[in-house]
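Chemist: Provide a 3D model corresponding to the input given below.
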Amino acid sequence: MNKYIKGMASAFSFFTVIPLRGNYEINSYTMYYITFTGLAVGLIAAIPYYFISNYSSIAASAVAVSIIILLYGFNHFDSIMDFGDSVMVRGKEEKQRVIKDKYTGSGGTGLAFVVYITSIAFLTYFSPLEGFFTIISGEIVSKYATMISMYRSKPFGEGLGKIFIEKINKNAIILNIIPLILAFAFNLYNMAIAFIVIILAYLLKSTMEKHYGGINGDLIGSTGEISRLLFYIISFIFIALKLNLFLL
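Modeler: Residues are numbered from 1 along each chain as shown. Next comes the predicted model:
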């Protein structure tokens, strides 16, 4: 099998629960397709949103966010909860200990509530077509922000996070721009929104490294989840100000 095809299969195997035959390892080619997984997940979630929102925007938004959480295998949901618990303690060593333990406290529950309920709330504002494109674009940008949190980061602990940080390279950063171009085609203002979100994701990553002494898988996943919420919020602001130019 071609190494690029294997890389794509590997990316979908490790980042989503989309069923694929075979066993795949994480390598540098895996990292070439991270935003492509976001494109696929976004499309799968956006389709039911589009049809259901004609009847109930709240139900459509809840279904879309639930599908997104499910397709990532609840891994990012778990990351947010672990991150939320670790935010509540002080000191690098204590933060690292809490984010890696198996327990969930009020901080984790609270942050998960804020991130996902707020995401649902903002999605209810969009028209069916606006929401359709926002969900797809949001997943692409979220995954690119996830990559930013990995690139040239200092890992702590063992696990997939460390492996991803070691495998990502400049070529992956460049190739993953391809789905971003599609997001820009949906709405030209997405270019500005994506730029803002990616800058905020980089600042979040830098803050995490400072307070945790490095980055691990939970912090990587949390960066992506928070970035999706930021994309929804900023898209809401742009559309409310009538700064939208949908091309498709």
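Chemist: Run through the protein and note the low-pLDDT ranges.
Modeler: Residue ranges of the chain with pLDDT under 70: 1, 245-248.
Chemist: That one: helices as residue ranges?
Modeler: Using DSSP state H, the helices of the chain run over 3-15, 34-52, 57-71, 75-87, 92-100, 106-123, 128-150, 160-167, 170-175, 177-186, 190-212, 217-240.
Chemist: Give me whichever of these is most buried.
Modeler: helix 128-150 (a mean of 26; mean count of other Cβ atoms under 10 Å). The C-beta positions use only the backbone N, C-alpha and C, and glycine is treated the same way.
Chemist: Show me what that helix packs onto, helices and strands only.
Modeler: Counting contacts by 3 or more Cβ pairs under 8 Å, 6 or more residues apart in numbering; DSSP states H and E, helix 128-150 is packed against helix 34-52, helix 57-71, helix 106-123, helix 160-167, helix 177-186, helix 190-212, helix 217-240.
Chemist: To Leu129, which of those lies closest?
Modeler: helix 34-52 (7.3 Å; Cβ to Cβ).
Chemist: Summarise which helices and strands the closest one is packed against.
Modeler: helix 3-15, helix 57-71, helix 128-150, helix 177-186.
Chemist: looking at the ones you listed, which is closest to Lys102?
Modeler: Across these, the minimum distance to Lys102, taken as Cβ to Cβ, is reached by helix 57-71, at 19.7 Å.
Chemist: The residue lying closest to Met8 once chain neighbours are set aside - how many residues pack around it?
Modeler: Nearest non-adjacent residue to Met8, counting by Cβ to Cβ, 6 or more residues apart in numbering: Tyr33, 4.6 Å away. Tyr33: 26 surrounding residues under other Cβ atoms under 10 Å.
Chemist: Can I get the helices and strands packed on helix 128-150 in JSON lines including distance to Gly131?
Modeler: Formatted as JSON lines, the helices and strands packed on helix 128-150 follow (distance: least, Cβ to Cβ, whole Å):
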{"stretch": "helix 34-52", "distance to Gly131": "6"}
{"stretch": "helix 57-71", "distance to Gly131": "7"}
{"stretch": "helix 106-123", "distance to Gly131": "6"}
{"stretch": "helix 160-167", "distance to Gly131": "30"}
{"stretch": "helix 177-186", "distance to Gly131": "12"}
{"stretch": "helix 190-212", "distance to Gly131": "14"}
{"stretch": "helix 217-240", "distance to Gly131": "9"}
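Chemist: between those, which gets nearest to Arg90?
Modeler: Among the helices and strands packed on helix 128-150, the nearest to Arg90 by Cβ to Cβ is helix 190-212 (9.1 Å).
Chemist: tell me the angle of the closest one relative to helix 128-150?
Modeler: 40 degrees (axes from the mean of the first three to the mean of the last three Cα atoms, to 10 degrees).
Chemist: Distance from helix 190-212 to the middle of the chain?
Modeler: Offset of helix 190-212 from its chain centre (Cα atoms, centre = their mean, to the nearest Å): 12 Å.
Chemist: Please name the residues that touch the closest residue to Leu71 other than its chain neighbours.
Modeler: Distances taken as Cβ to Cβ, 6+ apart put Val41 closest to Leu71, at 4.7 Å, once the chain neighbours are dropped. Taking Cβ atoms under 8 Å, 6 or more residues apart in numbering, we find Val41 in contact with 16, 67-68, 71-72, 139.
Chemist: same thing but 7 Å
Modeler: With contact set as Cβ atoms under 7 Å, 6 or more residues apart in numbering, Val41 has these partners: 16, 68, 71-72, 139.
Chemist: now those as TSV including distance to Glu209?
Modeler: Converted to TSV, the contacts of Val41 look like this (distance: Cβ to Cβ, whole Å):
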residue	distance to Glu209
Thr16	27
Ile68	26
Leu71	28
Tyr72	23
Glu139	25
